[in-house]
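> Whatever this is, show me its structure:
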Amino acid sequence: GLVRYNQTATTANGDLLVDLQPAGALGVGAGREAVRQHLNDSAENLQPTGTTSLGAGALLASQALNQGTTDRRFMLLLTDGLANTAPSIATSAQQAAQQDPPQRVYVVAIHAEEMSEELSELDLGSLGVVMVTGALVDEHEFLLHKFYTQIMADEAGLSFVYDPVDTVPPGGQQVTDIYMGETDYAADFIIACHPAGIFPKYLFATLETPKGTIISKDNHHAIKGVTLVSEPNRGWLYFRCDFREMAEGEGASIGRWRTIVKNDADSALLRYSMMCTADSDFRLDGEVRQSDYSPNSPIEIILRPSLYERPVELDPPVVVRVTQPDDYVRPVALDATQDGEYRTVFTHTSLPGRYLVSAEVTATTPQGVIVTRARYMTGMIVYSKGSADKPDQGGKPPTLADLIASMLNRIWKSVQKVLPGRRTSSPI
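Here you go, the predicted model:
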């Protein structure tokens, strides 16, 4: 289904754009096309007007979800982060959680460069998840794709396996290795790029199994258990592989899978994101916790790996990358706890903005296969209106170390733009 909202959201105003319905066939189902048509016709249906009530949008979405028949239901709200009209999203999320079955709320704040106090009011606690993209440029270009993929994987009970961003020069190709274990039963190998006149037209992708079978657009129909979903001008394609149906023999899916992406354009550089999700007994959940959103307040980072629904030990070291609002990236080590979690407290929070936590961890399966799992989470630091914490109002400014790190990081980014390098994927 699809709902729009401004300061209100009601069926009387025509804000329920698409009733809840089955998505239908991969890529071309009637439900998918109905939503896509409304999104493409944004000039008529999605013009920004009035103020913003996330809570009103959530309540209308909850009403639509009550018409569903599945035991698992969720809504995804897109916003600029400035919720300024009642009801609040926290109130509406509480009501959604009280439905039978409970409805989970995901909020994605796109860009949200102005970190005002309204953004901190999006905190849903255990009722849902809030993600803030920041500017969708440079290495964060495909962050929205990753957020969507992770949300869908979480709700489908899948695992987010791997998600590098790569570039391919004209006439070149890029290889990415992804390792599957006996704990994995199916996988989607997803490639996303910017839809344009030449891409994905001149993007060619193949998938190689551990047994050496090459799967492509030309032969995937003949391979049992494999589906390729690809449409012109959509900016994505993916191979869906059900290892239980593929006829390569027992255990044939264990080991190295390889995606090969070729750029057949004459002069354009191809930048793309390679993502993989898996139906797996090895999962990585996690969250960030904040009791305060003011500058210099701590952000607690928690990872919960599990194998066969029991805590599992990760291969050391367990490290996450925290991207600060100035794009400076800090690696942070996590410590194991007695209950099987991995935790740390991030304290370099003098700058207002989004703090992106990127986790890519590995574990060894019972058969000795090293597999990876990835996860994204966001924390946020905001200035309240009229706050004395703002540096220009006499509050505590960023430390000298923060300023130097920020300056060096911006210099390095400038050098990268002048001398672009090519990222090479490494085996997991």
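> can you give me the strands for the stretch 101-250 of the chain?
103-110, 128-134, 159-162, 165-168, 173-180, 184-193, 203-208, 214-215, 226-230, 236-242 (DSSP state E, counting those that start in this stretch).
> Now the fourth one: average pLDDT?
Just to be clear, that refers to strand 165-168. Average pLDDT, strand 165-168: 90.
> same for it, what does it pack against?
strand 173-180, strand 255-263, strand 270-280 (3 or more C-beta pairs under 8 Å, 6 or more residues apart in numbering; DSSP states H and E). Backbone N, C-alpha and C define where each C-beta goes, glycine included.
> So for the protein, which residue is the most central one in space?
Nearest to the geometric centre of the chain sits F147, at 1.8 Å (C-alpha atoms, centre = their mean).
> Would you mind stating the distance between that residue and A252?
33 Å (C-beta to C-beta, to the nearest Å).
> Kindly report the same for L207.
Applying C-beta to C-beta to L207 and A252 gives a distance of 14 Å.
> So which of the two has more stuff around it?
Legend: neighbour count by other C-beta atoms under 10 Å for L207 and A252, higher for L207 (23 against 14).
> Next up, the contacts around the residue nearest to the more buried one when sequence neighbours are not counted.
Spatial nearest neighbour of L207, excluding adjacent residues (C-beta to C-beta, 6 or more residues apart in numbering): I215 at 4.3 Å. The neighbourhood of I215, defined by C-beta atoms under 8 Å, 6 or more residues apart in numbering, consists of 206-209, 223, 226, 228, 239, 241.
> Point out where the stretch 201-350 of the chain drops to low pLDDT.
Low-confidence segments of the stretch 201-350 of the chain, defined by pLDDT under 70: 231-233.
> ok, Q103 touching Q67?
No - taking contacts as C-beta atoms under 8 Å, Q103 lies outside contact range of Q67: 11.9 Å.
> Ramachandran angles for L65?
Dihedral angles of L65 (phi, psi; degrees, to the nearest 10) stand at phi -60, psi -30.
> residues near it, how many?
Neighbour number of L65 under other C-beta under 10 Å is 19.
> what's near enough to touch it?
L65 touches 1, 20, 73-75, 96, 99, 103, counting by C-beta under 8 Å, 6+ apart.
> repeat that for 10 Å
By C-beta atoms under 10 Å, 6 or more residues apart in numbering, the residues touching L65 are 1, 20, 73-75, 96, 99, 101, 103-104.
> Looking at those, spot the one nearest Q37.
In terms of C-beta to C-beta, no member of the contacts of L65 lies closer to Q37 than G1, at 13.6 Å.
> Mind checking which of the contacts of L65 are buried?
Buried members of these, scored by 16 or more other C-beta atoms under 10 Å, are 1, 20, 73-75, 96, 103-104.
> Make TSV from those and add secondary structure, distance to T378 and pLDDT to it.
TSV is the format used below for the buried ones among the contacts of L65 (DSSP: H, G, I helix; E, B strand; the rest coil; distance: C-beta to C-beta, whole Å; pLDDT from 0 to 100):
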residue	secondary structure	distance to T378	pLDDT
G1	coil	26	93
L20	coil	28	94
R73	strand	23	93
F74	strand	18	94
M75	strand	19	94
A96	helix	21	93
Q103	strand	22	94
R104	strand	17	93
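> Give me whichever of the strands of the stretch 101-250 of the chain is most buried.
strand 159-162 (a mean of 26; mean count of other C-beta atoms under 10 Å).
> Using PDB, write out the CA atom coordinates for that one.
Below are the C-alpha coordinates for strand 159-162, written out as PDB (Å, rounded to 0.1, in the frame of the first residue of the first chain):
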ATOM      1  CA  SER A 159      20.400 -11.700   6.700                       C
ATOM      2  CA  PHE A 160      22.200  -8.800   5.100                       C
ATOM      3  CA  VAL A 161      25.400 -10.400   3.900                       C
ATOM      4  CA  TYR A 162      27.600  -8.000   2.100                       C
END
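> what packs against that strand?
Helices and strands touching strand 159-162, by 3 or more C-beta pairs under 10 Å, 6 or more residues apart in numbering; DSSP states H and E, are helix 143-156, strand 173-180, strand 184-193, strand 255-263, strand 270-280, strand 282-289, strand 353-364, strand 370-381.
> between those, which gets nearest to S297?
Per C-beta to C-beta, nearest to S297 of the helices and strands packed on strand 159-162: strand 370-381, 6.8 Å.
> Okay, buried residues for stretch 320-332 please.
320, 322-325, 327-328, 332.
> Which of those residues sits closest to A12?
Of all the buried residues of stretch 320-332, P325 has the smallest distance to A12: 41.1 Å, by C-beta to C-beta.
> Three-state assignment for that closest one, please.
coil (DSSP: H, G, I helix; E, B strand; the rest coil).
> Name the nearest residue to it, sequence neighbours excluded.
G353 (2.6 Å).
> The one you found bridge partners, please.
Taking DSSP bridges as the rule, G353 bridges to I381.
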